[in-house]
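Engineer: when you get a sec, could you give me coordinates for this:
(one chain, ligands or ions: 1)
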Amino acid sequence: MALPWLALNSVASFLPFFVSGLLLLLLRRVNQRKSNNHHQLPPGPPPLPVIGNLHQLGPLPHQSLWRLSRVYGPVLLVHLGRVPTVVLSSAKAAREVLKTHDLDTCSRPRLIGTGRLSYNYIDIAFAPYGDYWREMRKLCIVELFSAKRVDGSRFVREEEVEALLEQIGESAASGSAVDLSKSLMGLSAAIVSRVAFGRSFRGLGAAEGNMLVHIVHEALAMLGSFSASDFFPYFGWIIDRFSGLHKRLEKNFHELDRFYQQIINDHLQDHKEERDEGDIVDLLLEMEKNRTQLGENNIFTRDHTKAILMDIFLAGVDTGSIIMEWTMTELARNPRVMKKLQDEIRSCVGNKKAVTEDDLDQLQYLKLVLKESMRLHPPSVLLIPRETMRHFKLFGYDIPLGTRIQVNAWGIGRDPELWEDPEKFYPERFENSPIDYKGQHFELLIFGSGRRGCPGIYMGMVTVELAIANLLHRFDWRLPDGMTREDMNMEEGAGLTVFKKVPLLLVPVEPCE
Ligand code: HEM
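Structural biologist: So this is what the prediction gives:
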């Protein structure tokens, strides 16, 4: 019986704080309204009380936002709960923000999922703009993403691709289908892990391999999730607890944390002198040991090491495998393109057993095929959200401080004003076109652009090119018995990155000599 009284008592003692909090909130909203009234904000659908436009997002927000932008224009304002969000859906608008206003917009919002998985924003991808982020990014560019570092690890990529081909050869011999979605994710994980962590996961059993794929997909779902706490600051956490999101996030965080700890333990037990060259984990552990100062108030700790490992693992593994998965899907649906690409690869490589990285420069049609595949299926459909650091004007509209910015790379890739017959898979559209994906052409924003653009482009793309070239060089591919091209499922699965919802199954066939 004491409990209700206690509860009542504590409610009574919190009442003055609650009432003054509510008044402050109301005052802030009135002030905000006043200042917004003087602002010319971008157009957008009218928001509902409390939820804003959240009900209009649906299961695949990039597609819903693209449809809304067709009605309201390429600079669209939506309210995600209480968070004003500007969505850019044209190359011109993206250029204006990511180039002209890069410095005004290059921070990241603080979100529940990204905060937890990045050990409170001490990674690179989700860290707010500032000295710490600048120093960490510089360090990783030199130590991990430099052309020298990437070229130095070519033997890893070639070995791992060869191992995959051997495995696929067994399916070809028995005439059985390969789950390419899983195999390509495994390849990407093995390469990134070996290059960055000095550890291969190739030897993992099926159960452990499946578990790793599950953890990565779950992490990306958490990073891309629309958590109630992000949109309803005062009570959203209650919704997240009831919906189970909070529990899922915690479980995923602990699974990943154990994984990083295992990598760190491997490095601590293993003597560095016994390996060829220190990898990024050695370097991070050295920084821990030296209590390196980063930015103004940051001493480098074990959490910093884990946060950087999270970036490399999640940013590097999934994106590359998604590009390969969609590319093989489009090729299976477009036999003309597959044949033309195989002819190019086989005539260039001749009788050699495998395509090597030296051959890649000559494969011009391969580059067109990959651009076309990434145009239709960019892995990060809305890039990674940014947040404005100051007020600025965009095409006459006011974009206030603290606004969230999303760039709809998926929509821009299908914009009929930029692309003729945009839904058609037609790599020849890039012939004689200067458009590239390295961040200077805003029609093709696969890796973002500006200060927050992806530092792993070279490392990611060399893996993708090598794998696709070898898969097509070594095997012909056909659909499983009873399936036609029209039957192929092209649905997207949602998260921070958009993968193929139904795994891609194809049958490898040894080509006739
Ligand atoms: C090949 C496939 C890849 C794709 C499509 C991709 C895509 C992206 C995109 C869209 C962004 C956000 C850009 C922006 O906000 O403007 C990004 C950021 C990032 N990517 Fe990649 N990425 C790939 C590979 C990699 C690899 C292999 C690594 C590392 C091993 C990596 C590490 C990062 C990091 C650390 C960031 C955060 C940059 C920052 O906020 O300063 N990425 N990537």
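
Engineer: which parts of the chain are strands?
Structural biologist: Using DSSP state E, the strands of the chain run over residues 75-80, 83-88, 178-179, 293-294, 298-299, 386-387, 392-394, 397-399, 404-407, 476-478, 492-493, 499-500, 505-509.

Engineer: can you redo these as a markdown table with mean neighbour count and distance to Tyr437?
Structural biologist: No exception for glycine: its C-beta is placed from N, CA and C like everyone else's. Below are the strands of the chain laid out as a markdown table (neighbours: other CB atoms under 10 Å; distance: least, CB to CB, whole Å):
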| stretch | mean neighbour count | distance to Tyr437 |
| --- | --- | --- |
| strand 75-80 | 22 | 23 |
| strand 83-88 | 24 | 17 |
| strand 178-179 | 18 | 27 |
| strand 293-294 | 15 | 31 |
| strand 298-299 | 14 | 33 |
| strand 386-387 | 24 | 19 |
| strand 392-394 | 17 | 24 |
| strand 397-399 | 19 | 26 |
| strand 404-407 | 24 | 14 |
| strand 476-478 | 16 | 25 |
| strand 492-493 | 16 | 20 |
| strand 499-500 | 21 | 19 |
| strand 505-509 | 19 | 25 |
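
Engineer: go through those and name the closest to the ligand.
Structural biologist: strand 386-387 (6.4 Å; CB to the nearest ligand atom).

Engineer: now for that closest one, which elements pack on it?
Structural biologist: strand 404-407 (3 or more CB pairs under 8 Å, 6 or more residues apart in numbering; DSSP states H and E).

Engineer: in its sheet, what does the strand it packs on sit against?
Structural biologist: strand 83-88 (parallel), strand 386-387 (antiparallel) (DSSP bridges).

Engineer: show the average pLDDT along stretch 81-97.
Structural biologist: Average pLDDT, stretch 81-97: 96.

Engineer: let me see the contact set for the residue of the stretch 101-250 of the chain found nearest the ligand.
Structural biologist: For the stretch 101-250 of the chain and the ligand, the shortest gap (CB to the nearest ligand atom) falls at Ala125, measuring 3.6 Å. Residues in contact with Ala125 (CB atoms under 8 Å, 6 or more residues apart in numbering) are Arg108, Thr114, Ser118, Asp311, Ala315, Ile384.

Engineer: can you narrow those residues to ones near the ligand?
Structural biologist: Asp311, Ala315, Ile384 (CB under 6 Å from any ligand atom).

Engineer: can you tell me which of the residues you listed has the most neighbours?
Structural biologist: Neighbour counts for the ones next to the ligand among the contacts of Ala125, by other CB atoms under 10 Å, peak at Ala315, which reaches 25 neighbours.

Engineer: tell me the phi and psi of the nearest residue to that one once chain neighbours are set aside?
Structural biologist: Leaving aside its chain neighbours, Ala315 sits nearest to Ala125 (6.0 Å; criterion: CB to CB, 6 or more residues apart in numbering). For Ala125, the backbone dihedrals (degrees, to the nearest 10) come out as phi -60, psi -30.

Engineer: now do Ala125, the pLDDT please.
Structural biologist: 95.

Engineer: again with Phe18
Structural biologist: 41.

Engineer: could you report the neighbour count for the closest residue to Val213 other than its chain neighbours?
Structural biologist: Computed as CB to CB, 6+ apart, the closest residue to Val213 that is not its neighbour in sequence is Met185, at 5.3 Å. Around Met185 there are 25 other residues, counting by other CB under 10 Å.

Engineer: contact residues of the stretch 101-250 of the chain facing the ligand?
Structural biologist: Residues of the stretch 101-250 of the chain lying near the ligand (CB under 6 Å from any ligand atom): Ile124, Ala125, Arg137, Val192.

Engineer: quick one: low-confidence ranges for the chain?
Structural biologist: By pLDDT under 70, the low-scoring segments of the chain are 1-37, 200-209, 270-278, 513.

Engineer: which bits of the stretch 351-500 of the chain sit near the ligand?
Structural biologist: So the stretch 351-500 of the chain meets the ligand at 379-380, 383-384, 446-449, 452-456, 459-461, 464 (CB under 6 Å from any ligand atom).
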